[in-house]
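> One predicted model, sequence on top.
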Number of protein chains: 2
Amino acid sequence: MKKRRNTQKQELVLEILANASHTMSAETILEAMPIKINKTTIYRILERFTESGKVHFVTGDDGRAYYALCKQCSSEHDLHNHIHFQCKYCNQIACLPYTINVPELENYEVQETQFLLIGKCKECI
Amino acid sequence: MKKRRNTQKQELVLEILANASHTMSAETILEAMPIKINKTTIYRILERFTESGKVHFVTGDDGRAYYALCKQCSSEHDLHNHIHFQCKYCNQIACLPYTINVPELENYEVQETQFLLIGKCKECI
DNA sequence: AGTTAATTGCAACTTTATTGCAATAATAAC
DNA sequence: GTTATTATTGCAATAAAGTTGCAATTAACT
């Protein structure tokens, strides 16, 4: 993969994620796009950013992927081991500023984590 | 919903999960069934058991739901706050005997949790 | 300019899970 | 026991999320 500077579409995805207060699904990002863009492109942009460590995602218990800019994540190879909260009622997923200590496991090599709390958020209580 | 004793199919689902060393997807359970059964029925049985607290599930980062008998889960309203480990290579998800302490959050009411570690398991290292 | 490689769009497709409806089976009421 | 009621199951169709192959476009490099 040759290094190339970000295209306009890639920048827009980053911008949208940067301004988001919650994680966003691919579809929501698509809707937030000010210009016409194909959904496959969105998926591919997100995939590349996830691989490069700019973006991480949590899989909600609805099975959908929710993306966020890596603001809290320190390094390129961060475990993304902060907590996410998914509200069952408004279905939003937020990144919370709480980090979970990943235990040392003999038989497993941990590369990423997904810590998801599920329940009711302040808006919906 | 009236109380009724488990049907044969429901018992079989429980039995399969009880004998499993890892969590199982709906499809895997279907394949493990010794008798003919419709996939919709599997989904509905799993849904009921999940609601009643006999079974819990984790959503893998592939978006699929993986089910397990609640062996480690103490009460009916357990948070299922033990760790799961998903191997990226063999795609198996295991319940681990490590419990994560759920932090007290001001603005959120936690009802369930999904703690997933992702990486490489002993078999695949 | 011409070559090479990355990016994007489009349509078709795969996979997982859900829904509506009819058929069946189990419990309760008589 | 027979009937009424309610839960369970099967089947076919559908929904939703994400993926794939291929052609077209765009950007960088020489």
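Right, received. Where do you want to start? This one's a predicted model, so the numbers in the text were calculated from it and none came from an experiment.
> right, quick check: stretch A:33-51 against chain B, any contact?
No: judged by Cβ under 8 Å from any Cβ of the partner chain, stretch A:33-51 makes no contact with chain B; its nearest approach is 10.6 Å. (Each C-beta comes from the backbone N, C-alpha and C, glycine too.)
> I meant stretch A:18-26, not that one.
No: when contact is scored as Cβ under 8 Å from any Cβ, no part of stretch A:18-26 falls within range of chain B; the minimum is 11.4 Å.
> buried residues in that stretch?
Judged by neighbour count (16 or more other Cβ atoms under 10 Å in any protein chain shown), stretch A:18-26 contains these buried residues: A:20, A:22-26.
> Farthest-apart pair in the residues you listed, please.
Using Cβ to Cβ, the two most remote members of the buried residues of stretch A:18-26 are A:His22 and A:Ala26, lying 14.1 Å apart.
> Out of the buried residues of stretch A:18-26, which are close to DNA strand D?
A:25-26 (Cβ under 7 Å from any atom of the strand).
> what angle do the helix or strand containing A:Thr113 and strand B:108-121 make?
A:Thr113 belongs to strand A:108-121 when elements are defined using DSSP states H and E. Note on geometry: by axes from the mean of the first three to the mean of the last three Cα atoms, to 10 degrees, strand A:108-121 and strand B:108-121 are set 160 degrees apart in direction.
> So what are the sheet partners of strand A:108-121 and their directions?
Strands that pair with strand A:108-121, judged by DSSP bridges, come out as strand A:82-87 (parallel), strand B:108-121 (antiparallel).
> what's in contact with the first one?
Contacts of strand A:82-87 from elsewhere in the structure, counted by Cβ atoms under 8 Å, 6 or more residues apart in numbering or on different chains, are A:23, A:58, A:60-61, A:66, A:72-73, A:92-100, A:114-121, A:123-124, B:103, B:105, B:108, B:110.
> Could you pull up the residues touching the residue in chain A sticking out farthest from the centre?
In chain A, counting by Cα atoms, centre = their mean, A:Glu106 sits farthest out from the average C-alpha position, at 28.4 Å. For A:Glu106, the contacting residues are B:Lys122, by Cβ under 8 Å, 6+ apart.
> Can you pull the phi/psi pair for it?
Backbone torsions of A:Glu106, given as degrees, to the nearest 10, read phi -60, psi -50.
> Equivalent analysis for A:Glu123, please.
Phi and psi for A:Glu123, reported as degrees, to the nearest 10, are phi -70, psi -30.
> That one contacts A:Cys90, correct?
Yes: under the criterion of Cβ atoms under 8 Å, A:Glu123 makes contact with A:Cys90 at 6.2 Å.
> hey, what's in contact with both of these two?
Contact criterion Cβ under 8 Å, 6+ apart; no residue bridges A:Glu123 and A:Cys90 by contacting each.
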